[in-house]
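# I would like to see how this sequence folds:
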Amino acid sequence: MLHLVHPTPGAHADSPSHERAGIEAIRLAALEQYEILDTAPELAFDRITALAADLFNTPISILGFIGAEQVFFKSRHGLEATQASRGEDPAAPVMMPWLRAEFANGFHAGVPLHDPDGYELGTLCVIDRRSRQVDEQQMRRLRALGSVVTDLLAMRLAARRALAQAEIASSEVDHRAMNSLQFVASLLQLQSRASASLEVTQQLLAAANRVLSVARVHRTFSTQEAAGRVPIAAHLRRLCEELSTSVGSEIRLEGADEVDVPKEQVLPIGLIVNELATNARKHAGDPITITFRRLAEGEYELCVLDEGPGLPAGFDVAATGGLGLGMKVVNALVAQLQGRLTAHPNPVGRGSCFKVVFPVA
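From the prediction side, this is the model:
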């Protein structure tokens with residue numbers, strides 16, 4: 001006969017069926033917020049089940065979380081099964097049917113795992129295929145290990161909520177930064193119209209475009225739902241459309257891989273495109289083509305191509321002493337990406353190609 005050692009059932013055991021159904025719905029909602037069901041094994045929980053088995057000198061230990069129909073084994077020591085059918089009797093241990101079927105003449109000792117509101121999330125138990133006895137000291141240790149599990153769950157939940165709040169705050173900061181940068185860019189554009197010097201006008205417009213490029217990135221961050229990464233093709237497509245309007249040129253995105261790029265790389269990518277496209281517009285005219293792809297070697301490749309007169313004789317992207325401000329900015333941004341910048345003829349047979357290759361962050 002299966003020998004069971006389990007704490008007394010909770011106060012809801014004698015509730016009418018409709019009340020139990022309501023309580024069960026709330027309990028499942030409480031469990032869902034921990035995002036623990038059907039997840040991969042984790043070393044922290046595996047250590048707890050291994051320690052529980054060692055303390056009781058049992059071959060099997062299970063850390064299970066109670067879903068709607070099954071008990072999901074988040075961690076299991078000495079057992080191949082990954083889940084068990086749960087019982088419907090609120091007055092009996094939740095895994096009673098499975099335990100009776102699998103360990104009819106064995107031993108089971110378990111402690112329930114409760115959330116701060118008292119709802120049962122799961123169980124930590126030890127199992128032996130032969131009958132045996134345990135003492136109160138062993139049960140205290142098992143309850144202590146159960147408390148470690150619930151503490152881990154609480155810390156994970158608190159960290160997840162803190163991250164969500166930080167993302168909301170970050171989005172708000174990005175939104176405000178975008179508005180401020182757009183205002184600065186507007187002032188620069190107004191100032192450029194008031195200047196009598198063509199060179200000053202061009203420099204002010206270039207500065208306005210740089211500020212707008214940063215503003216575009218902050219706008220992307222403020223509306224991006226995926227934490228930490230940005231779909232680069234969509235971002236570059238929007239950037240090309242807005243650059244085309246601002247500089248009065250045809251700037252198109254072609255052959256961009258649909259990959260998500262870490263946020264810390266998006267700003268330098270956008271600024272590089274802004275500088276190289278602006279330079280191409282100035283020296284080569286339409287059309288200007290942007291490409292972005294992921295290489296097999298774990299790197300990204302960004303290209304800005306034009307169909308103008310081509311590179312001047314002796315042009316060297318590394319000889320920063322003879323380059324203008326725009327190319328100096330590009331070199332600094334490429335260094336920030338830990339990448340390589342090269343310039344060579346456009347493969348179509350006319351114009352130039354500026355290529356940036358940098359590692360995936």
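# gap between residue 238 and residue 231?
11 Å (Cβ to Cβ, to the nearest Å). Backbone N, C-alpha and C define where each C-beta goes, glycine included.
# for residue 303, same thing?
Taken as Cβ to Cβ, the span from residue 303 to residue 231 is 19 Å.
# between those two, which has more neighbouring residues?
Legend: neighbour count by other Cβ atoms under 10 Å for residue 303 and residue 231, higher for residue 303 (20 against 16).
# pull the contacting residues for that one.
Contacts for residue 303 (Cβ atoms under 8 Å, 6 or more residues apart in numbering) come out as 289-292, 353-356.
# where does it fall, helix, sheet strand or coil?
strand (DSSP: H, G, I helix; E, B strand; the rest coil).
# neighbours of the closest residue in space to residue 337 that isn't next to it in sequence, just the number please.
Nearest non-adjacent residue to residue 337, counting by Cβ to Cβ, 6 or more residues apart in numbering: residue 358, 4.0 Å away. Residue 358 is flanked by 22 other residues according to other Cβ under 10 Å.
# was I right about residue 358 contacting residue 341?
No: Residue 358 is beyond contact range of residue 341, at 9.3 Å (criterion: Cβ atoms under 8 Å).
# shared neighbours of those two, anything?
residue 334.
# which of the contacts of residue 303 ranks first by neighbour count?
In the contacts of residue 303, the most neighbours by other Cβ under 10 Å go to residue 354, 25 neighbours.
# so what pairs up with that one in the strands?
residue 304, residue 343 (DSSP bridges).
# need the strands for the stretch 251-361 of the chain, in chain order.
251-253, 260-262, 288-295, 299-306, 340-345, 352-359 (DSSP state E, counting those that start in this stretch).
# quick one: pLDDT of the residue nearest to residue 337?
You'll see residue 358 listed with a pLDDT of 92.
# look up how far residue 339 lies from it.
3 Å.
# and if you look at residue 273?
Distance from residue 273 to residue 339, by Cβ to Cβ: 14 Å.
# those two: who's more crowded?
Neighbour tally, residue 273 and residue 339, criterion other Cβ under 10 Å: the higher count belongs to residue 273, 26 against 21.
# I'd say the more buried one and residue 304 touch.
Yes: Residue 273 lies in contact with residue 304 (Cβ under 8 Å); the separation is 6.6 Å.
# so which residues of the chain form helices?
When assigned using DSSP state H, the helices of the chain occupy the ranges 17-32, 43-56, 96-102, 136-194, 198-223, 232-247, 263-283, 325-336.
# any weak-confidence spans in the stretch 101-250 of the chain?
Along the stretch 101-250 of the chain, segments meeting pLDDT under 70 span 164, 166-185, 187-191, 194, 205, 209-227.
# how about 50 then?
Scanning the stretch 101-250 of the chain for pLDDT under 50 picks out 225-226.
# could you measure from the closest residue to residue 71 other than its chain neighbours over to residue 107?
Spatial nearest neighbour of residue 71, chain neighbours left out: residue 64 (4.2 Å); criterion: Cβ to Cβ, 6+ apart. Separation of residue 64 from residue 107 (Cβ to Cβ): 17 Å.
# now do the domain split for the protein, please.
3-134, 247-361 (automatic domain parsing).
# could you dump these to TSV with distance to residue 200?
Shown next, in TSV, are those (distance: least, Cβ to Cβ, whole Å):
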stretch	distance to residue 200
domain 3-134	57
domain 247-361	14
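# nearest to residue 142, out of those?
domain 3-134 (5.2 Å; Cβ to Cβ).
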